[in-house]
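Engineer: predicted model and sequence below, questions to follow.
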2 protein chains.
Amino acid sequence: MTDSVVSKPFSSSVGDYVKAIWDLGGTGAASTKEVAERLSVSPASVSNMFVRLQEMGLVRHERYHGASLTDSGRVEALRLVRRHRLIETFLLEHLGYNRQEVHEEAERLEHAVSDGFTERLAEFLGHPEYDPHGEPIPATDGTLEVENSVPLTEARAGTRVRISKVRNDDAPILDHLEDSGLVPGRPLSVLQVRELDGVVIVEDEDGKTHALGEPLARSVFVREALGGA
Amino acid sequence: MTDSVVSKPFSSSVGDYVKAIWDLGGTGAASTKEVAERLSVSPASVSNMFVRLQEMGLVRHERYHGASLTDSGRVEALRLVRRHRLIETFLLEHLGYNRQEVHEEAERLEHAVSDGFTERLAEFLGHPEYDPHGEPIPATDGTLEVENSVPLTEARAGTRVRISKVRNDDAPILDHLEDSGLVPGRPLSVLQVRELDGVVIVEDEDGKTHALGEPLARSVFVREALGGA
DNA sequence: ACTGTTTTTTAGCTTTGGCTAATTCTAAAT
DNA sequence: ATTTAGAATTAGCCAAAGCTAAAAAACAGT
């Protein structure tokens, strides 16, 4: 009754593949090699799986030319992404996990929980729209907010923005950003964007200025602030 | 760092078997058939698995005479039981699950969570000693409270007792007991225990009396109350 | 257009954990 | 002491997912 669209529950590794393809989904088809790397699996295994995913109707696959998700594949992927992000939110906000540990645990859990669990968890968490990294949480129907944030390096000087998410795998970088209070939700004024050296200078609410160089500025995504003042 | 005894994580179905053997563990060895039924698996599969569990050192197994847990098998089982009961507690107390749904979900989750998760969850729940059914939660080191509660049918008339747990698979029965306020923790006075028809009559805190017949009285487990007054 | 590198696929094997059918053993009843 | 019903085991099979090694296709550079 709570498990909404009761498609037969694909085996856990099918989900891994679909999600991996979605993750590197941007343009066109995901290559065998990319997926193999992301899942720490041999390219041969990916080749095999592409065929099976195709049979299941989750991907479109042309020999030697990678695979891309079908509509139903995308829905399945977003279902898992929703789970993943809700679980991460719970682990971080309520169980005291830190960013390092959270991903691995969520990755395992997302294959074990039911849709019913997922929705109750969403309820428990107050139906958040973003996870603690600032990534949007897909809706139950497989809808995902259209992406309209850009890395700080693409922001325009003089605008007022809000940090939408911080995306980086490097722990020290994340720690540094967190220590500086540069976390999702934080409003900033963009003072300078220097094309030459890629440094971006911003001012936070408290009037404190931060200069972010190459790797940092590219990890911080912002959205133009709506309200003025 | 939180994952205490890092034995290699047995595959999920190994855990199922060990837990099943523990569940029906009481006296001597668990039979192939019993385990097969409990896990909804063919007896042949159980036979095979018994051999493997023996090789892994988790059970002692004599051909044609069932399997019983070794010390390390029991530790493994209790590790899973701990997980299971903590997860059930969480699902019931925080996600609004009811008894019907809770078991299945916990069964799946207990194979996906890490020891680290388990301990953080225990922390989150305030290190409960009993789950919502009144079953004791094994400690991290595989210690389990010695069982000293008896079904109401075995209680002595005139004693003051406390409900320790309610154990029954039948939903209507559980509902009825819950509606009557006969839940774990509730103190009762045992007024009569009638050998002939198996009816037990008790009085609760509010002075209300309840007459429990056959199936009910055997589902309610009690422990003699310590303090007098 | 050719050649060499890289990527992808195929073929064939492995492990887990199931299954059924056939066989063997145990235990209970005569 | 036999017989026989029920339980346990074995043998042989299947499917999922992985792997390695070898073959084939695609791509890039000249």
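Structural biologist: Arrived safely.
Engineer: which residue, other than its chain neighbours, is closest to the residue most central in space within chain A?
Structural biologist: Centroid check for chain A by Cα atoms, centre = their mean gives residue A:135 as the closest residue, at 5.1 Å. Distances taken as Cβ to Cβ, 6 or more residues apart in numbering or on different chains put residue A:165 closest to residue A:135, at 5.5 Å, once the chain neighbours are dropped. In short, each C-beta sits where N, CA and C put it, glycine included.
Engineer: quick one: distance of the longest helix seen in chain A to the chain centre.
Structural biologist: Taking DSSP state H as the criterion, chain A has its longest helix at helix A:71-94. Centroid separation between helix A:71-94 and its chain, computed with Cα atoms, centre = their mean, to the nearest Å, is 9 Å.
Engineer: what packs against it?
Structural biologist: Secondary-structure packing of helix A:71-94 (3 or more Cβ pairs under 8 Å, 6 or more residues apart in numbering or on different chains; DSSP states H and E): helix A:12-23, helix A:99-109, helix A:115-125.
Engineer: now for residue A:101, how many residues are close by?
Structural biologist: The local packing of residue A:101 (other Cβ atoms under 10 Å in any protein chain shown) involves 19 other residues.
Engineer: re the thing from before, buried ones in the longest helix of chain A?
Structural biologist: A:72-92 (16 or more other Cβ atoms under 10 Å in any protein chain shown).
Engineer: and stretch A:103-122, by the same measure?
Structural biologist: For stretch A:103-122, a neighbour-count test (16+ other Cβ under 10 Å) marks A:105-122 as buried.
Engineer: and for stretch A:197-212?
Structural biologist: The neighbour-count check on stretch A:197-212 (16+ other Cβ under 10 Å) flags A:198, A:199, A:200, A:201, A:202, A:204, A:210, A:212 as buried.
Engineer: in strands, which of the residues you listed fall?
Structural biologist: A:200, A:201, A:202, A:204, A:210, A:212 (DSSP state E).
Engineer: any idea of the angle the longest helix of chain A forms with helix B:71-94?
Structural biologist: With axes from the mean of the first three to the mean of the last three Cα atoms, to 10 degrees applied, the angle from helix A:71-94 to helix B:71-94 works out at 90 degrees.
Engineer: please see if helix A:71-94 touches DNA strand D.
Structural biologist: No - contact between helix A:71-94 and DNA strand D is absent, the nearest approach being 13.3 Å (criterion: Cβ under 7 Å from any atom of the strand).
Engineer: ok, the closest residue to residue A:159 other than its chain neighbours to residue B:214 distance?
Structural biologist: Excluding the flanking residues, the one nearest residue A:159 by Cβ to Cβ, 6+ apart is residue A:190, at 5.2 Å. As judged by Cβ to Cβ, to the nearest Å, residue A:190 and residue B:214 stand 76 Å apart.
Engineer: those two: who's more crowded?
Structural biologist: Neighbour comparison, residue A:190 and residue B:214: the larger count goes to residue A:190, with 19 against 12 (by other Cβ under 10 Å).
Engineer: how far away is the closest residue to residue A:89 other than its chain neighbours from residue B:21?
Structural biologist: Spatially, and ignoring its direct neighbours in sequence, residue A:89 is nearest to residue A:131 (5.0 Å; Cβ to Cβ, 6+ apart). In this view, residue A:131 and residue B:21 are 40 Å apart by Cβ to Cβ.
Engineer: output stretch A:76-85 as CSV, restricted to C-alpha atoms.
Structural biologist: The C-alpha coordinates for stretch A:76-85 follow below in CSV (Å, rounded to 0.1, in the frame of the first residue of the first chain):
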residue,chain,number,x,y,z
GLU,A,76,14.6,3.3,-11.7
ALA,A,77,17.8,5.3,-11.3
LEU,A,78,16.0,8.2,-9.7
ARG,A,79,14.2,5.9,-7.4
LEU,A,80,17.6,4.8,-6.1
VAL,A,81,19.0,8.3,-6.0
ARG,A,82,16.0,9.4,-3.9
ARG,A,83,16.7,6.5,-1.5
HIS,A,84,20.3,7.3,-1.4
ARG,A,85,19.9,10.9,-0.7
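Engineer: quick one: contacts of it?
Structural biologist: Applying Cβ atoms under 8 Å, 6 or more residues apart in numbering or on different chains, the external contacts of stretch A:76-85 come out as A:7, A:10, A:15, A:18-19, A:21-22, A:58, A:69, A:106-107, A:109-110, A:113, A:115, A:118, A:131, A:135, A:137-140, A:142-144.
Engineer: if we use 7 Å, what do you get?
Structural biologist: A:10, A:15, A:18-19, A:22, A:58, A:69, A:106, A:110, A:113, A:118, A:131, A:135, A:137-138, A:142, A:144 (Cβ atoms under 7 Å, 6 or more residues apart in numbering or on different chains).
Engineer: where does chain A have low pLDDT?
Structural biologist: Low-confidence segments of chain A, defined by pLDDT under 70: A:1-9, A:26, A:226-229.
Engineer: show me the contacts for the residue in chain A positioned nearest to chain B.
Structural biologist: Residue nearest to chain B within chain A (Cβ to the nearest Cβ): residue A:112, separated by 3.4 Å. For residue A:112, the contacting residues are B:108, B:109, B:111, B:112, by Cβ under 7 Å, 6+ apart.
Engineer: just to revisit the earlier point, please report how far the residue nearest to residue A:89 lies from residue B:71.
Structural biologist: Counting by Cβ to Cβ, the gap from residue A:131 to residue B:71 is 42 Å.
Engineer: and stretch A:109-129, end to end?
Structural biologist: 20 Å (Cα to Cα, to the nearest Å).
Engineer: I meant to write stretch A:65-78 there.
Structural biologist: Across stretch A:65-78, first to last residue, Cα to Cα, it's 23 Å.
Engineer: what about that stretch and DNA strand C, touching?
Structural biologist: Yes - residues of stretch A:65-78 are located near DNA strand C by Cβ under 7 Å from any atom of the strand, namely A:65, A:66.
Engineer: show me what from chain A comes close to DNA strand C.
Structural biologist: Neighbours of DNA strand C within chain A, by Cβ under 7 Å from any atom of the strand: A:31-33, A:36, A:43-44, A:46-48, A:50-51, A:61, A:63-66.
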